[in-house]
Structure formats: structure tokens, C-alpha cells
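Chemist: Predicted model and sequence follow; I will ask about them next.
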Amino acid sequence: MSRVSTSVRRACRAATGVLAAGLTLAACGTVASTAHVVGFPSRSISVPLRVVACTTSNSCVAFGTSGSDTGPSSVGEFRRPNGQWVALYVPAALSSLVTTSACWDTECLIGGTQPTGDLLWAYDAARRSVATLTGPRAGRGVSALSCFASQSCAVIDSLGVAEGSRISFTTDGGASWTPPLPMSWSIGDPITAASCSDALNCLVAATAGGGRALVEVTLDGGVTWAVRSTSPTWNSLSSLACKGLHCVGLASTSNGSVIERSQTFGRLWSGVALDQRANALACTSYTTCVVAGQTTSSASWLATLHHRALTIASLQYVPTPLTSVACGAKVCAAIGVSTVLALRP
């Protein structure tokens, strides 16, 4: 947990928020130094942590895979309400990588790639158990997951670079999936993030040729797609999360990282620029987020954002950069390759 320090300093910076057609918006925020957020060593130093997830009811879990064809190949741990992280059994995952997650109030889906194609796990927060799921037929790897109601989620998986990605939906927590719909616009463009407000309305981001962000929207569950305007400064857009028309994402630019917000489902954006490199973003609401990454000297870095005010955390026992972050309704968790931590933003 974190405690807010009594010492507060004010700083203003220009934000590279995007309105439309490349227009920008300036932002002035309060930067405050916090006291301590304490990290804990992961359960296995030989398997790097790769994904962290939190149910909306604040049960957080972390998973890692080694990518190796020899054991140990996977690791998992969950956070108890008292803050203790405890080992969790996870399936063996030889030559596999977990890369993405999405949750509802009682469970999470974890996605990635394995030799046979899609890798999908279901984490049950009540039972503290992980089960293997079957993904949509013939998928070659999960790129993104998004859950928008209890047991209702979207999965984007790949058929290969030459054939692009496709989208499918579940209403039973991943036990079954709708027939995949092709996303022909994604051929040759790797998916970086996706978020659905419901089973019809989804935003999906990809990295297009030349290293620029591409964002497309569907309003009919993936039958048709249209391009959303983005800033020409965006190299990629990740950590995308939408609720209703409100969306938050993390843009990477040649000048650094920017937290981007939209109240129009991606038509217009405004941003808060960061002076450190951010690797991941998660939010408890449209106005309150946690951003994790590293400093310019490659030390670990964590901050919370309230509206446009950024609060920097003072980290202890976090020896490497933070690579992923997730939030429930009140608690957030972040990971490095061998570290877990939690805080209330």
C-alpha cells in the first residue's frame, strides 16, 4: 500500500493530447512524491512474470512463462486480502508465452501463444484455481482480450501475419466462442490493444507500417470496421480500456509516453505527457489510473494519475522496470520480471 507524502511540488508540462487531425492540447498537473510502495520477490526467479490481472472485486493474480521447452515453464501467484502473495498452481506451458488478460467480477481470462496455437486460461478467484480453455478454432495466438460484463468477453487472435487477425465473443466465460470474424484491415499489422464496451462496440489498435499507430472501430460486433483518427506522433497505442464512450490508453511517441483519454469512443483524444517511459497503464475509473514503467536510467517507476495530477510513487525492493499493471475497483497490482506489488490509487 502507499501513503501520500506531505511534501508536494507543482510542475506543469505540455501534453501531447490529440483532438482531431493532429491538433494538440496542453496540460498542467500537480506532481506529488509519495512515501513507499513495497515490492515482493516473485515465487520463481527462473520464470519471468509477464501478465498481471485483477478482477473488478479486487482479486489480483500474476502469471509468468519462460518460453522454454524445458521446465519450469510457468508460474502463478495470487494476492490475499491481507496483502500477502501466495503460490498458485498453473498448467505447464512449454514453449509458450502469456501476453494478455481481462477480467470481470469473479474470474479472469489469460491469453497467449503455445505451440498448438491459442493459449487460454481461466482464473477463478473464489476457488483460487486455473483451468485450461479451448480458444476459437485454428487460432495461432491470442493478441488481446477484453471483458465487458460477467462472463462476456472478446478475444482477438491471429491466423498469421499474412492472414491477419480475427475477433470472437463469449458469453460463458470462454467455454465457447462465436465463429471468428476476420479483421482484414489488420493483415501485416500486429494488434497492440483492444477494448469493447459491449458485444457490438469495440476499439482495436495495431501498429501499422512505418511504426505508426492504427486504431479501428466496429459498431456491429466485428462485421464492419472504420478507421479512427489518431495523432501522427503516435507510434503505438496500448493498455486500451473503454467503458461506454469513455476510453483510456497509453500512447508511445518519439518524445516519450502519453496517457490518452477520450470521451467519444476514440473520435477525440486529450493527453497527459509523462517524463519517464511507461510500459503499461490500468485504471479504476476514467479519471484515476496507475502507470508503470521505468526511468530514463532504467530504474523502476510507478505513478498514479487523478484527473491531470500525477503522483510519483517511491518504490522499495523493486529492482527492475515494471512491465505490467492491472486494477480492480479499489486495488491495483504491478509486476516486474521477478517482482509483485500492490497499491490503492
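Modeler: Nice, I can see it.
Chemist: for the closest residue to residue 149 other than its chain neighbours, what are its contacts?
Modeler: Counting by CB to CB, 6 or more residues apart in numbering, residue 149 lies nearest to residue 104, which is 6.7 Å off, once chain neighbours are set aside. C-betas here are computed from N, CA, C, even on glycine. Going by CB atoms under 8 Å, 6 or more residues apart in numbering, residue 104 touches 55, 56, 147, 149, 150, 151, 152, 153.
Chemist: neighbours of the first one, just the number please.
Modeler: Other residues near residue 55 number 23, with proximity taken as other CB atoms under 10 Å.
Chemist: how many other residues sit next to the nearest residue to it once chain neighbours are set aside?
Modeler: Closest residue to residue 55 apart from its sequence neighbours, by CB to CB, 6+ apart: residue 103 at 4.6 Å. If you count neighbours by other CB under 10 Å, residue 103 ends up with 25.
Chemist: ok, now residue 140?
Modeler: 18.
Chemist: Verify the stated contact: it with residue 118.
Modeler: Yes - using CB atoms under 8 Å, residue 140 is in contact with residue 118, at 7.2 Å.
Chemist: Between those two, which contacts overlap?
Modeler: Counting by CB under 8 Å, 6+ apart, the contacts common to residue 140 and residue 118 are residue 157.
Chemist: measure the most centrally placed residue in the chain to residue 105 for me?
Modeler: What sits nearest the mean C-alpha location of the chain, by CA atoms, centre = their mean, is residue 239, with 4.0 Å. Distance from residue 239 to residue 105, counting by CB to CB, to the nearest Å: 21 Å.
Chemist: And for residue 81?
Modeler: Residue 81 is 15 Å from residue 105, by CB to CB.
Chemist: The closest residue to residue 114 other than its chain neighbours: how many residues sit nearby?
Modeler: Nearest residue to residue 114, sequence neighbours excluded (CB to CB, 6+ apart): residue 96, at 3.9 Å. The burial count assigned to residue 96 is 22, neighbours taken as other CB under 10 Å.
Chemist: go on, residue 50?
Modeler: 24.
Chemist: Let me see the contact set for it.
Modeler: 63, 64, 65, 97, 98, 99, 323, 324, 335.
Chemist: tell me the contacts of the second one?
Modeler: With contacts defined as CB under 8 Å, 6+ apart, residue 64 is in contact with 42, 44, 47, 48, 49, 50, 51, 74, 75, 76, 98, 337.
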